[in-house]
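Engineer: quick one: sequence and predicted model below, then my questions.
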There are 2 protein chains.
Amino acid sequence: MTAKLYCMGESGNAYKAALTMTLAGFDWEPVYVDFFNGAARTPEFLAINPMGEVPVLVDGDRTLTQSGVIQYHAAEKTGRFQGETAADRAEVLRWILWDNHKMSSQNGPLRFMMNFLPAEKRPAEAIAWLGGRARAAWKTLDQHLQERDWIVGNAPTIADFACCGYLYYPEPFGFARADWPNIDRWLDGIAALPGWKHPYDMMPGHPSDRA
Amino acid sequence: MTAKLYCMGESGNAYKAALTMTLAGFDWEPVYVDFFNGAARTPEFLAINPMGEVPVLVDGDRTLTQSGVIQYHAAEKTGRFQGETAADRAEVLRWILWDNHKMSSQNGPLRFMMNFLPAEKRPAEAIAWLGGRARAAWKTLDQHLQERDWIVGNAPTIADFACCGYLYYPEPFGFARADWPNIDRWLDGIAALPGWKHPYDMMPGHPSDRA
């Protein structure tokens, strides 16, 4: 049975799950959550995920939340993108945790505040502070990719699909590919994988829907 | 051979690793990193962890970074605190990722800015913004613990030892146990486990060292 991913195109966290499932050949389809009109705060949605967040994957009788959990689920079910050795798999977990701690947790709120909040509600100092932390993360990733094509080992893994979650979006949040040549090359490498799509082509929901 | 944890008492992320190893009976000893005097930025330390962060575990020929990776390492080596079933283990990963994404990644910087930065350098608006996000996380955790003793299943797991990382510290960062009765009870439950110690009793380094 086709698994259902509750998601919207604007969510880089949902994109990590959608991208992993697509590239791994895991059977899924999107269920649009109209997050910006409060759909993640309805009783129906909170019954699926009390945290009121996307992504959520419903696969048969299992309901999975947190993008990394869904990534691991798809990787284990398909036997793909987990890393080749035990040491590789520990590295994959390390970078997924790093992404959750230092990378997407900065990029997501930064992009949200700078683009999806009304201009008069954007907290300039919080944006500046978070921007500094995001830049430190981009530097860490760029340095790590200096002599590598992939974050772990010699092949793409779910660590790559986690860390790239917010980096293909066009909305400005201080990240420019031209500033980070190794990240830029690595993003091209991911985009060249068979089946890759841009987040707005992979999931329903686009900022222009609210224009 | 005794594993070495590069750490300092002030770090809640290091505490997650130290607490897990201690409660699991994993043989370790601390190596003090004088973080506040720049010891994590020396060439010697950056050779161990290019990210310039604690905790780092050196266990034989393996060097592990990210608290969650060290937690999993100790849990797998000792066969403890991983969760009892496959579904439990997916839940453990979910809450460890949630902690990294929503909980410790807010609590840590918030406590740092409110206590360890000089008063004139504390960014009030960034603190207010991050405080709001931290409160949302405390609410999520408190609600989850309403009818449970442990975050996953019926026994303590590394998910508990991740989420509690910053919650025993005395420095004020907006978290008060009295406001969150379920968290309060759960913290008492963790503190009652054999071998538990407060972070400042488990690792070298205390704010009074710099007084």
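Structural biologist: Nice, thanks for sending it over.

Engineer: residue boundaries of the helices in chain A?
Structural biologist: A:12-24, A:43-48, A:67-78, A:86-98, A:104-111, A:124-144, A:158-163, A:181-191, A:199-202 (DSSP state H).

Engineer: report the central residue of chain A.
Structural biologist: With distances taken as C-alpha atoms, centre = their mean, the residue of chain A nearest its centroid is residue A:165 (2.9 Å).

Engineer: check contacts around it.
Structural biologist: A:12, A:13, A:15, A:16, A:19, A:67, A:99, A:104, A:107, A:108 (C-beta atoms under 8 Å, 6 or more residues apart in numbering or on different chains). C-beta here means a position set from N, CA and C on the backbone, and glycine is covered the same way.

Engineer: swap in residue A:170?
Structural biologist: Listed by C-beta under 8 Å, 6+ apart, the contact set of residue A:170 is empty.

Engineer: what's the local residue count around residue A:19?
Structural biologist: Using other C-beta atoms under 10 Å in any protein chain shown, residue A:19 has 30 neighbouring residues.

Engineer: might one say that it is in contact with residue A:203?
Structural biologist: No: taking contacts as C-beta atoms under 8 Å, residue A:19 lies outside contact range of residue A:203: 9.7 Å.

Engineer: pLDDT wise, what is the residue of chain A positioned farthest from its centre at?
Structural biologist: The outermost residue of chain A, judged against the average C-alpha position, is residue A:120 (27.5 Å), by C-alpha atoms, centre = their mean. For residue A:120, the model assigns a pLDDT of 95.

Engineer: how much space separates residue A:141 from residue B:100?
Structural biologist: Separation of residue A:141 from residue B:100 (C-beta to C-beta, to the nearest Å): 16 Å.

Engineer: between those two, who's got more neighbours?
Structural biologist: Neighbour count, other C-beta under 10 Å: between residue A:141 and residue B:100, residue B:100 has more, with 27 against 22.

Engineer: in this structure residue A:45 contacts residue A:33, no?
Structural biologist: Yes: counting by C-beta under 8 Å, residue A:45 touches residue A:33, with 6.8 Å between them.

Engineer: hey, what's in contact with both of these two?
Structural biologist: Residues touching both residue A:45 and residue A:33 (C-beta under 8 Å, 6+ apart): A:6, A:39.

Engineer: quick check: domain ranges of chain A?
Structural biologist: In terms of domains, chain A is parsed into A:3-81+A:196-210, A:86-191 (source: automatic domain parsing).

Engineer: any chance of those domains in a markdown table, plus distance to residue B:197?
Structural biologist: Shown next, in a markdown table, are those (distance: least, C-beta to C-beta, whole Å):
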| stretch | distance to residue B:197 |
| --- | --- |
| domain A:3-81+A:196-210 | 30 |
| domain A:86-191 | 24 |
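
Engineer: so for residue B:134, which of those domains sits nearest?
Structural biologist: domain A:86-191 (12.4 Å; C-beta to C-beta).

Engineer: gap between the two ends of that closest one?
Structural biologist: Start and end residues of domain A:86-191 are separated by 27 Å (C-alpha to C-alpha, to the nearest Å).

Engineer: for that domain, what is the distance to the chain centroid?
Structural biologist: 9 Å (C-alpha atoms, centre = their mean, to the nearest Å).

Engineer: what do you get for stretch A:3-20?
Structural biologist: On C-alpha atoms, centre = their mean, the centre of stretch A:3-20 falls 7 Å from the chain's centre.

Engineer: which parts of it are buried?
Structural biologist: By neighbour count with 16 or more other C-beta atoms under 10 Å in any protein chain shown, stretch A:3-20 contains the buried residues A:3, A:5-20.

Engineer: before we move on, the earlier item: how far away is the residue nearest to the centre of chain A from chain B?
Structural biologist: Residue A:165 sits 11 Å away from chain B, going by C-beta to the nearest C-beta, to the nearest Å.

Engineer: measure that residue to residue A:15 for me?
Structural biologist: 5 Å.

Engineer: kindly report the same for residue A:101.
Structural biologist: Counting by C-beta to C-beta, the gap from residue A:101 to residue A:15 is 18 Å.

Engineer: same check, this time on residue A:205
Structural biologist: Counting by C-beta to C-beta, the gap from residue A:205 to residue A:15 is 11 Å.
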